[in-house]
Each structure stands twice: as C-alpha cells, then as structure tokens.
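K.L.:
Can you look at this prediction? I've put the sequence above it.
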Amino acid sequence: MKNFKTILYRAMGFVYVPKHLKKRSEEIILHISDTPYSFFYALKKIIKEMKPDYIIHTGDLVDNIKLEFCSYLLSTYKKRLKKLIDILENSQAKEIYVCVGNHDKEEIINELSKKIYIIKKSKNIKIKNLNLRISHYSNEIIKNPLEYNLFGHDLSIRSKIDNKKIYLNGIESINIINIDTRKIINLPYPFGLDDERLGKGKVGL
C-alpha cells in the first residue's frame, strides 16, 4: 500500500509523507536541492505535513531557470525565488540554511530573506548532536568531509556511506535526518522533476 501511495503521489506531482514522519516526537532535518518552480507547491505541502525542525537547501533554488546561462531571466528568477523563500520562512523550522548555487544570485537571496542563513561556498554547521558540512558543490564537500555531508549540483558523487561518513545528494532524493536516532529516510521527488532540471542525471547544470 505504501509503495502504491508513493507512486500515485509522484505521478500527481506530490510527495507521499509516511505517517511516522507526521506523527513523531523526534526532531528532524529536511534536506532538498536543485528545486524547479513546479516543485514549490509540493514542497509547501511536505513542510506543512512534516513540520521539519530544520531545513537545508543546497542550492539552485529555482533550478528550471539557469541564470548562469540565461541572465535575461533575472526578474522571473526573483519572482519565483520570493515564493520559495516565503514557503521556507513561513515554516515552523527553527533554522533554515540555503546554499548559493551556480544558478543563484546571492544578493537577491539576501534581499528577499529575513531569517535564512546563507552559505556561499561551504560551511560546517552543528545541529544539536550532529556535525554537518553543507555546500551546493560536492567538490567543496570532499575537501573536508564531516559526519554528515549534504550537497547537490550534479551526480558526480551519489548518496553513500564511506569511511563512516554519510554523503547525501539532494538531487537524488529528499533526505530526512532524524536528529535523535540518526536514522535517514529518503523520499523520492515527483516524476518528471529531472526533466525540469534540464536533463535526466544532470551534469553540472
């Protein structure tokens, strides 16, 4: 039944959130990355249902707009970005971290956000008992990996456990970290999202 619901939700452009994530006593971290505009409504629903205590977005906030190549879309990017920031900041999250991706404009993120921690290249952070390194880029992560390493950008490094270090690629899945139990849950994005990221298994886009 759970697999059926997951597939059905994905086909409709949403994400199925299991009951144990909605009804829990433990604190969780929500990690996402490289989010096209079409995903924003689904994200709003996820946040409403899950009520994450911490949110980490590892960059390319409006990923269907490739600012690095299409600077003429800057005004559209700003309008779309405002919607995303409103979704994030209207959540109940205690802390929100956003990495600047290669298709983002740091000054616009600064202008629109009120309570978001903005990460330029990479940063080591501590959330409760967890040590995390976060960046848009995997090559920034591997310079000095910590216990948990969160990133996006491309699939040059996939989610894995290596030498007792956990690597979570936010393109592959929506990643949930239970802070107390340290359990990691991966939720699949809606079908078709990779196409909106301009290419399945996007490489450096």
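P.N.:
Arrived safely, thanks for sending.
K.L.:
Nearest spatial neighbour of residue 180, chain-adjacent residues omitted?
P.N.:
Sequence neighbours aside, residue 26 is the residue nearest to residue 180 in space, at 4.3 Å (criterion: CB to CB, 6 or more residues apart in numbering). Backbone N, C-alpha and C define where each C-beta goes, glycine included.
K.L.:
Identify the residues contacting the residue nearest to the spatial centre of the chain.
P.N.:
Central residue of the chain (CA atoms, centre = their mean): residue 32, 1.3 Å from the mean position. Residues near residue 32 by CB atoms under 8 Å, 6 or more residues apart in numbering: 43, 55, 56, 57, 58, 170, 174, 175.
K.L.:
hmm, try it at 10 Å
P.N.:
Residues in contact with residue 32, defined by CB atoms under 10 Å, 6 or more residues apart in numbering, are 39, 43, 46-47, 55-58, 61, 88, 150, 152, 170-171, 173-175, 187, 189.
K.L.:
try residue 63
P.N.:
Counted by CB under 10 Å, 6+ apart, residue 63 has contacts 33-39, 101, 103-104, 152, 171, 193, 196-198, 202, 205.
K.L.:
Quick check: it vs residue 160, distance?
P.N.:
23 Å (CB to CB, to the nearest Å).
K.L.:
Just the pLDDT at residue 204, thanks.
P.N.:
Residue 204 carries a pLDDT value of 43.
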